[in-house]
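S.K.: Build the 3D model from these lines:
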Amino acid sequence: MFVIIGILVVFGAVVGGYLMEHGNIRVLLQPAELVIIGGAAVGTVLIANPLHILKSIAGGVAGAFGGSKYPKQRYLDTLKMLFELFNRARKEGLMALESDSDAPDKSPVFSKFPAFLKDHHALAFVCDTIRMTASGGVEPFDLDHMMELDMDVHHHAATLPTSALTTMADSLPGLGIVAAVLGVVITMGALGGPPEEIGHKVAAALVGTFLGILLCYGLVGPISSSMTKAVDEEHSYYHVM
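M.R.: Below is the predicted model of the structure:
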């Protein structure tokens, strides 16, 4: 919700200030400039990233418009679940947890926490650790090190979509200059025409630079930052587990 409010504030402040200076709003409506900048930016992302990262970018952008996936209740439910697992291991032995890790959807413990069951990465993280612990062939220090490596690998994979979106945001001002240069080229071809026509083409060219900078710092960049914070929240949640 706050993401939508923030976007409305950004564009409302920019357009509102422009209108306060008696600017003509129709001059800013340049679909061709938007096609050049937006299309080229999307193309750079398609060139630089494989399909699974593109899907993660789409999911991350959609998630940025929702609330946090890790509120206080999520932490409390996870701690309750771990307590029940540890308590069962204390009473029945570690081998009793093999049935939980092998078939978590049928586990009497995991089934009490459907939200955790839907989180496939967190579920696999807990179940894999239980299997290694129950086997008894891994020393506690080595197990701790393996869990840290598992979290680092997952965190690295989770940051790839945000890095790709940040790179896209960084390219937008440059692509805005490209659109502006194309506008100047068109303007040069119209020299000798009516001053009003030349002025309109120069304004359209400058709008390209304006859109590139605005989309970078007012939209795509902040969304990428929001995705980064969501990834950091997930990493903190794994540390608690």
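
S.K.: what mean pLDDT does the helix or strand hosting R26 have?
M.R.: For R26, the element it lies in under DSSP states H and E is helix 25-28. Helix 25-28 carries an average pLDDT of 85.

S.K.: could you say what helices and strands the following helix or strand past it packs with?
M.R.: Going down the chain from helix 25-28, the next helix or strand is helix 31-48, by DSSP H and E. Identification of packing neighbours for helix 31-48 by 3 or more Cβ pairs under 8 Å, 6 or more residues apart in numbering; DSSP states H and E yields helix 51-64, helix 140-189, helix 195-215. Quick note: C-beta positions are derived from backbone N, CA and C, even for glycine.

S.K.: Dump these to CSV, plus mean neighbour count.
M.R.: Below are the helices and strands packed on helix 31-48 laid out as CSV (neighbours: other Cβ atoms under 10 Å):
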stretch, mean neighbour count
helix 51-64, 15
helix 140-189, 16
helix 195-215, 17
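
S.K.: between those helices, which one is nearest to D232?
M.R.: helix 140-189 (8.6 Å; Cβ to Cβ).

S.K.: tell me what the closest one is packed against?
M.R.: helix 31-48, helix 51-64, helix 120-135, helix 195-215, helix 221-240.

S.K.: now the ones you listed as JSON lines including distance to G189?
M.R.: JSON lines is the format used below for the helices and strands packed on helix 140-189 (distance: least, Cβ to Cβ, whole Å):
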{"stretch": "helix 31-48", "distance to G189": "15"}
{"stretch": "helix 51-64", "distance to G189": "37"}
{"stretch": "helix 120-135", "distance to G189": "55"}
{"stretch": "helix 195-215", "distance to G189": "9"}
{"stretch": "helix 221-240", "distance to G189": "34"}
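
S.K.: nearest to I4, of those?
M.R.: Relative to I4, the nearest member of these by Cβ to Cβ is helix 51-64, separated by 10.0 Å.

S.K.: so how far is the closest one off the chain centroid?
M.R.: 6 Å (Cα atoms, centre = their mean, to the nearest Å).

S.K.: please begin residue numbering at 3 from this point
M.R.: Shifting the count to begin at 3 puts that one at helix 53-66.

S.K.: tell me the angle of it relative to helix 223-242?
M.R.: Relative orientation of helix 53-66 and helix 223-242, computed by axes from the mean of the first three to the mean of the last three Cα atoms, to 10 degrees: 90 degrees.

S.K.: so which of the helices and strands packed on helix 142-191 comes closest to V187?
M.R.: Of all those, helix 197-217 sits nearest to V187, with 8.7 Å by Cβ to Cβ.

S.K.: With just CA atoms, put the closest one into CSV.
M.R.: Only the C-alpha atoms of helix 197-217 are listed here, as CSV (Å, rounded to 0.1, in the frame of the first residue of the first chain):
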residue,chain,number,x,y,z
PRO,A,197,9.2,28.2,-34.9
GLU,A,198,6.2,26.6,-33.1
GLU,A,199,7.0,23.2,-34.8
ILE,A,200,10.7,23.4,-33.9
GLY,A,201,9.9,24.4,-30.3
HIS,A,202,7.5,21.4,-30.0
LYS,A,203,10.1,19.0,-31.3
VAL,A,204,12.8,20.4,-28.9
ALA,A,205,10.4,20.0,-26.0
ALA,A,206,9.6,16.4,-27.0
ALA,A,207,13.4,15.7,-27.1
LEU,A,208,13.9,17.1,-23.6
VAL,A,209,11.0,15.1,-22.3
GLY,A,210,13.0,12.0,-23.2
THR,A,211,15.7,13.0,-20.7
PHE,A,212,13.1,14.0,-18.1
LEU,A,213,11.3,10.6,-18.4
GLY,A,214,14.6,8.6,-18.1
ILE,A,215,15.6,10.4,-14.9
LEU,A,216,12.2,10.3,-13.4
LEU,A,217,11.6,6.6,-14.1
